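Participant: okay, sequence plus prediction incoming.
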Amino acid sequence: MAIWDYANPTRFLRLVEIILPWLIAACAAAFAVGLYKSFFMAPEDYQQGDTVRIMFIHVPAAWLAMMCYSIMAISSLGTLVWKHPLADVSAKAAAPIGAALTFTCLVTGALWGKPMWGTYWVWDARLTSVLVLFIMYLGLMALWRTMEDPIKAGKAAAILTLVGALNLPIIKFSVDWWNTLHQPASVIRLDGPTIHPDMLVPLLVMALAFTLLFFVLHLMAMRNEVLRRRVRAMRMRAASVAAPATARATAQPAE
């Protein structure tokens, strides 16, 4: 079944009701395993000690912050190019989740950076580009709130989202293009991960848990947005029906 088969909001809502309980259960199980492995089974780092455990929250949040924006960019193409009815719903629903993930990434990175670098923040290429990503999320959320018509807001946000997508490769390759304090990639590498399996396995499980959490929140937010738009459409129809009657009543001469 193609993605276009779920362009109908009613069919999409039925799909969400079916798969959401399973996603929630899988997410809870992944977090239970991931947190146990991260904080009770993973060894301390020989240099960083227990501080390294921040990695199990910081890294998945960073990955998902970028993945979320990538989904918004794809949804924006769906809005502008393919005119998919749920594309702008997907982008709007993803923005607050991406902002929360990026904020988590920045905060945990600051907490991790203090003992490692001696400061919470430096204007490092990686840190600065992630901060720009956070500002982009906030800007898109503000744009959606300032425009009452969701269709016009979706098109304007789609254009801004695609422009902001240029920041994603900068975030990814900033540690390779510039001399930065931030460590280079240690998991997604052509020559394989440089992290010991005892730490890599919990990290990947936590990444899976964060990914499942994102899809749970995203589907719930999309469902709420579809219902919100239905309520708005019903109110507009009711207002359009009531307006002529009100006009006729006010036009009648008083006896």
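Facilitator: Noted; the coordinates are in hand. Numbers count the residues shown, from 1 in each chain.
Participant: and residue 160, helix, strand or coil?
Facilitator: helix (DSSP: H, G, I helix; E, B strand; the rest coil).
Participant: how about it, what does it touch?
Facilitator: Going by C-beta atoms under 8 Å, 6 or more residues apart in numbering, residue 160 touches 136, 139-140, 143. Yep, even glycine has a C-beta here, placed from its N, CA and C like the rest.
Participant: just residue 125 next, same as before
Facilitator: 170, 174-175, 177-178, 180, 182 are the contacts of residue 125 under C-beta under 8 Å, 6+ apart.
Participant: ok, residue 68 next?
Facilitator: For residue 68, the contacting residues are 94, 97-98, 101, 214, by C-beta under 8 Å, 6+ apart.
Participant: name the element the residue nearest to it when sequence neighbours are not counted belongs to?
Facilitator: Spatially, and ignoring its direct neighbours in sequence, residue 68 is nearest to residue 98 (3.5 Å; C-beta to C-beta, 6 or more residues apart in numbering). Here residue 98 sits within helix 87-117, counting by DSSP states H and E.
Participant: ok, now residue 11?
Facilitator: Using DSSP H and E, the element containing residue 11 is helix 9-36.
Participant: next SSE downstream of that helix?
Facilitator: Once helix 9-36 ends, the next helix or strand along the chain (criterion: DSSP H and E) is helix 55-77.
Participant: send the alpha carbons of that following helix over as PDB?
Facilitator: Taking C-alpha atoms only, helix 55-77 is exported to PDB below (Å, rounded to 0.1, in the frame of the first residue of the first chain):
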ATOM      1  CA  MET A  55      26.700  10.400  26.100                       C
ATOM      2  CA  PHE A  56      23.800   7.900  26.200                       C
ATOM      3  CA  ILE A  57      21.300  10.900  26.300                       C
ATOM      4  CA  HIS A  58      23.300  13.500  24.500                       C
ATOM      5  CA  VAL A  59      24.200  11.500  21.300                       C
ATOM      6  CA  PRO A  60      20.700  10.100  20.600                       C
ATOM      7  CA  ALA A  61      19.200  13.500  21.200                       C
ATOM      8  CA  ALA A  62      21.600  15.000  18.700                       C
ATOM      9  CA  TRP A  63      20.900  12.300  16.100                       C
ATOM     10  CA  LEU A  64      17.200  12.600  16.500                       C
ATOM     11  CA  ALA A  65      17.300  16.400  16.400                       C
ATOM     12  CA  MET A  66      18.800  16.100  12.900                       C
ATOM     13  CA  MET A  67      16.600  13.300  11.800                       C
ATOM     14  CA  CYS A  68      13.500  15.300  12.900                       C
ATOM     15  CA  TYR A  69      14.500  18.200  10.800                       C
ATOM     16  CA  SER A  70      15.200  15.900   7.800                       C
ATOM     17  CA  ILE A  71      11.700  14.500   8.100                       C
ATOM     18  CA  MET A  72      10.400  18.100   8.200                       C
ATOM     19  CA  ALA A  73      12.400  18.800   5.000                       C
ATOM     20  CA  ILE A  74      10.900  15.800   3.300                       C
ATOM     21  CA  SER A  75       7.500  16.800   4.400                       C
ATOM     22  CA  SER A  76       8.100  20.300   3.000                       C
ATOM     23  CA  LEU A  77       8.800  18.700  -0.300                       C
END
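Participant: cheers, nothing more for now.
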